[in-house]
Every structure is written in structure tokens, then in C-alpha cells.
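Peer 1: Here's a sequence, model it:
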Amino acid sequence: MLTDRLNQNIDTIIRRSDVDCECSNIYDKESNTRSNSWLNIFSGFLGQELAMDLGTANTLIYMKGRGIVLNEPSVVAVYTDTGEPFAVGREAKEIYGKTPKKVKCIRPLKDGVIADFNITEIMIKNFISRICNKLCLRRPKMIISVPSGVTMVEKRAVQSAAYQSGVATVKLMEEPMAAAIGSGIPVHSASGHMIVDIGGGTTEVAVTSLGGTTYSESIRIAGDEMDEAIENFIKKAFNLQIGKYEAEKIKLTIGSAMPMTETREIKIFGSDLTTGSPRELIIDDAIVRHALKEPVQAIVDAVVRALERTSPELAEDIIENGVCIAGGGALLNGLPERLSLETGLKFYRAQDPLTAIVRGDGAVLEAMKEYEQVFIA
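Peer 2: This is a model prediction of the structure:
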């Protein structure tokens, strides 16, 4: 009997100690959560750290500790007489081509670089004001990705636009490296990996190894040129003038780089060049594929050149690892299959290819010491 009572008392003590430990763990977790939230608030007052994908078609911003906080079209509407902003981002894109004479819509970036410095400054300043704490004591720090083929003057223009927008410090990194990191490629390994980033203004082809690029090429043929090719083909073939964003809608809806299993059609709208009257037309994917023939072939040729100029040792790794495609252009139907057919290699899309670059910028922002060597001097 004495032994049984003693065992019961011991069990009771053990159960109480377990409960106390659980309560202590819960309290510790709550304390850590509270301390982290207060730390985030306090750091927000001291200054935010940002990473930006300043794209021809879209601008995305990543904030340290929060992830992607902004994804907007790179479009600005301004008053023609004063130059003051009327709308920025998505609102400006929605009114593109519909504005009165006193307002004009501008895309300030072309072929991956700044074409209109003042409008770019307005756009960056507007985007930063949306996401940053207005009571912040310090100006934000920023990482910006740029195409690998930009000149020193173009790089300085990006930095100057950021500084004029209120950024304290700016670091630049190449877009293909950012896309590789954002796509989950182990860029620090000794194994070679190829990344093809097809954006709005440029297509970047690069081979990475040991934290750097062994080969990179940037061609100024990408999503915008595809839209322009569709617009021009429909104008010549059907005597119908369509808008820039109508061409983009056609590309996203039925555009393809390879014949599809089923024929797809879309109704389009434009202005008849003979009568000047509005007209609608139904086209199929074969017409769009023919329109996209030249820009798609240019991308294929850039990939083939990269493979030809890659060392045999890295070529072996690329054969084993496959080739990753990122950027908005990667969403073109049949593009991985077309590239595989032309090269004999395996091509695959990155997870969420539209945000690959900014996610790569964000990964660098979160671990600056680990990725110190990826910045452009």
C-alpha cells in the first residue's frame, strides 16, 4: 500500500511538472511573438530595407521580414501641362489609351532600362510611399535588379532615380542571378545551372556556378516585342489597328510557341484602317503563333548561343539539371517544349515565374552576408 501511494504521488508530481513546462513553453512562445512584433514595429520606425524588381512591364517590391508588398504595372499617367501624377501603377494601366488631352500615360522603362528619368522617379516615389512607414526616422535601403547587358550610364540612371525618390543606399544585382536565386537554384554550388529570364523588355540567358555567372547575355527581345509583333501582324493581315494591351491580352489568352492540341479562338477589337470605324474580329492560335515566330526564334537563338559558349564541364551539369525559365515570358504556352525540341535539353518553368526576380532579391536582402558577392561593383 505504501509503495502504491508513493507511485501515485510521483505520477502526480510528474504530471504537474509537465503542465508547468507546457505553460512555460506557451508563455515563451507568446513572449517571443510579442518581442518580434515590437521589434518589427521598432525597426519600421528606424527604416525599412527593400528589394525592387524595376521591370519594363511591372514593378515588384519586397520588404525585409514581410515578403512581397507591392506588384504594380510600370505605368504613370501625368497631367501634360504640369507634369504632376494623375495615376500610378494599376490605375494608370486601366486608363491607358482612354485619357483626355490634358492627361497622358507613359511607360517610363523600355527594354529593361529607364527611358524617362523624371517619370521613373515619380513612379518609384509613389510606390515607396505606399508601403513605407510615414513616421520612419530613416530613409529606406534598397536592392534593385538590372539587366546584365546594361551600360554603366544606365546603371547610374537607376541609382539616381532611386536616390531622388528618397532611398538612402542602393545596391544593384543582375536580373539573371536574382531570377536563379528566386527559382531555388543553388547558385553557390560548384554545379552549373542555366537560367532563362524572359521579362517585358529583355531576355536574360545566364549560366551560374560558385556564386557568380560564367556566361550571360541580354537581348532586348521579350514580352513587349511579342505584343508589338502581334499588333503589327494584325494590322498588316487584317487592316485592323489594335491597342498595346489588346495585343498583350491576345498573347496571354491564346499565344503559343508550339501547335496546341486544340484550336483556340479569341474575339478582338480595334479600329478599321480603311473606314476608321470600330471593328471586331475572331482570330485563332495559329495566327498568333505565326505573328510570334520571329521573337520566339530570337529567344531560341540566344539559348543556343549560350549552350555553344558554355564549357564542357558545365554543359554536363546543365544536361543533368535542366534549364529553368523564369519571368512573365515563361508563361507562353509551349515555350519549354519548343526550347527542348530545339536543343535536346530539359526545360522547366520556375515556380511563380512572374515573381522569381523579386523573390531572389528578397532572399539576398534576408541574408546579405551569404550573398555579398552577387552585387555589381
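
Peer 1: Ranking helices and strands of the chain by mean pLDDT, which lands last?
Peer 2: Here the helix or strand of the chain ranked lowest by mean pLDDT, DSSP states H and E is helix 2-46, holding a mean of 43.

Peer 1: where does the stretch 151-300 of the chain have low pLDDT?
Peer 2: For the stretch 151-300 of the chain, no stretch is flagged by pLDDT under 70.

Peer 1: show me where the stretch 101-250 of the chain has helices.
Peer 2: 117-131, 152-164, 175-182, 223-238, 244-254 (DSSP state H, counting those that start in this stretch).

Peer 1: can you check the stretch 251-377 of the chain too?
Peer 2: Taking DSSP H, counting those that start in this stretch as the criterion, the stretch 251-377 of the chain carries its helices at 285-291, 293-308, 312-321, 335-343, 356-366.

Peer 1: just the ones you listed: most buried one?
Peer 2: Most buried of these, by mean neighbour count (mean count of other CB atoms under 10 Å): helix 356-366, with a mean of 26. All C-beta atoms are positioned from the backbone trio N, CA, C, and that covers glycine.

Peer 1: who's in contact with that one?
Peer 2: For helix 356-366, contacts defined as CB atoms under 8 Å, 6 or more residues apart in numbering pick out 49-53, 55, 60-62, 64, 67-68, 143-145, 173, 175, 177-183, 197, 199, 326-327, 350, 352, 371, 374.

Peer 1: Tell me which residue lies nearest the centroid of this structure.
Peer 2: With distances taken as CA atoms, centre = their mean, residue 355 lies nearest the centre of the chain, 4.0 Å away.

Peer 1: residues contacting it?
Peer 2: Contact analysis of residue 355 by CB under 8 Å, 6+ apart lists 60, 68, 71, 182.

Peer 1: Which pair of those residues spans the longest distance?
Peer 2: The two members of the contacts of residue 355 with the most space between them (CB to CB) are 71 and 182, at 13.8 Å.

Peer 1: Pick out whichever of those two has more residues nearby.
Peer 2: residue 182 (28 against 15; other CB atoms under 10 Å).

Peer 1: List the contacts of the more buried one.
Peer 2: Going by CB under 8 Å, 6+ apart, the list of residues near residue 182 reads 326, 350, 355-363.

Peer 1: do residue 107 as well
Peer 2: 56, 74-75, 115.

Peer 1: Return the member of these nearest to residue 257.
Peer 2: Relative to residue 257, the closest of the contacts of residue 107 is residue 56; by CB to CB it sits at 20.3 Å.

Peer 1: Pairing partners for residue 77 in the sheet, please.
Peer 2: Per DSSP bridges, the residues bridged to residue 77 are residue 87, residue 105.
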